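> 3D model of this:
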Amino acid sequence: MSRGGADKDRENGPERKCIATGEVGSTETMIRFVVGPDNQIVPDVLGKLPGRGIWVSSTRDALDKAATKGLFSRAAKTKVTVPEGLTETVEQQISRRVVDLISLARKGGLAVAGYEKVKDLLIKEDAYVLLQACDGSTRGKSKLSTPHRGKYIGWLTADELGAAFGRETVIHSALGYGGLSNRVVEEATRLKGLRAQDGGMGRREG
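Purely as a prediction, here's the structure:
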C-alpha cells in the first residue's frame, strides 16, 4: 500500500481497513461484507459476491462493534440493515468452511485422524498442521507436539473435526503439506479470532 493511501480502496489490493478498529490488515485476517439488493448486510466468507467490499477484522469484538454502532451504514454511505446474530452467523459459516476444507484434504489423502496415525505422521515429519479438538482431554493432547515450523489448530470441537472425517467425533488429526493445508490454516485463523472469547476455545492449545 502506498504511503498516500492511493491503493486503500482498490478491491484487488492485498490489504483492507477494518471499519471497526481502523486497522489495516491482510484480507486473510478479515471478513468481507457486501450490501445486498435489499440493503441488508451480507457476509461474503468466500470473497466472491459482487459489489463493493466492506471489511471487518475477524474478531468477535470488531464484528459486534460494526453491527451495533452503525458502522456498516457509515461505510456503505447509505442506510443498511444488519441481520440479527450476524457475528454468530459469520462464525458458523467460517467453521463450516474449515470443516469442508479439511474434508477435501482428507479425500485428497492430505489428512489423517486418530492418535496413532497422527503420531506416525509427526514422527515421519510429514505433518504440516496438527489439529486437536478444543474439548478433548488436555492430558491426551499434550502427548503430541506441533510440527517443527508447522501450525497448530486447537479451536475446533471434536464434533466439527468428526464431521470433517465422516465420524462422530475426532480429537487428534493432522494435515500434510499442500495447498489445501494452507487454506485450512488461513480460514482457521479467521475462526480463532471469533472464538477467542467463546469459553476460551481459542486459547486451549495444551
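> just the endpoints, please. Distance across stretch 134-146?
15 Å (Cα to Cα, to the nearest Å).
> list the buried residues for it?
Using 16 or more other Cβ atoms under 10 Å as the burial criterion, the residues of stretch 134-146 that qualify are 134, 136, 141, 144, 146. For every residue, glycine as well, the C-beta is placed using N, CA and C.
> now swap in stretch 125-133 and tell me
Here stretch 125-133 shows 127-133 as buried, counting by 16+ other Cβ under 10 Å.
> determine which two of those are furthest apart.
The span of the buried residues of stretch 125-133, defined through Cβ to Cβ, is set by 128 and 133 at 18.6 Å.
> show me where the chain dips below the pLDDT cut-off.
1-14, 196-206 (pLDDT under 70).
> could you pick out the longest helix of it?
helix 86-107 (DSSP state H).
> other SSEs contacting that helix?
Packing partners of helix 86-107 (3 or more Cβ pairs under 8 Å, 6 or more residues apart in numbering; DSSP states H and E): strand 41-43, helix 60-68, strand 111-113, helix 158-164, strand 172-176, helix 179-195.
> list the buried residues in it.
86-87, 90-91, 93-95, 97-99, 101-102, 105-106.
> same list (these) but as JSON lines, adding distance to residue 154.
Below are the buried residues of helix 86-107 laid out as JSON lines (distance: Cβ to Cβ, whole Å):
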{"residue": "86", "distance to residue 154": "26"}
{"residue": "87", "distance to residue 154": "21"}
{"residue": "90", "distance to residue 154": "20"}
{"residue": "91", "distance to residue 154": "16"}
{"residue": "93", "distance to residue 154": "21"}
{"residue": "94", "distance to residue 154": "16"}
{"residue": "95", "distance to residue 154": "14"}
{"residue": "97", "distance to residue 154": "18"}
{"residue": "98", "distance to residue 154": "13"}
{"residue": "99", "distance to residue 154": "15"}
{"residue": "101", "distance to residue 154": "17"}
{"residue": "102", "distance to residue 154": "14"}
{"residue": "105", "distance to residue 154": "17"}
{"residue": "106", "distance to residue 154": "19"}
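> out of the residues you listed, who's nearest residue 65?
Of the buried residues of helix 86-107, the one sitting nearest to residue 65 (Cβ to Cβ) turns out to be residue 87, at 10.0 Å.
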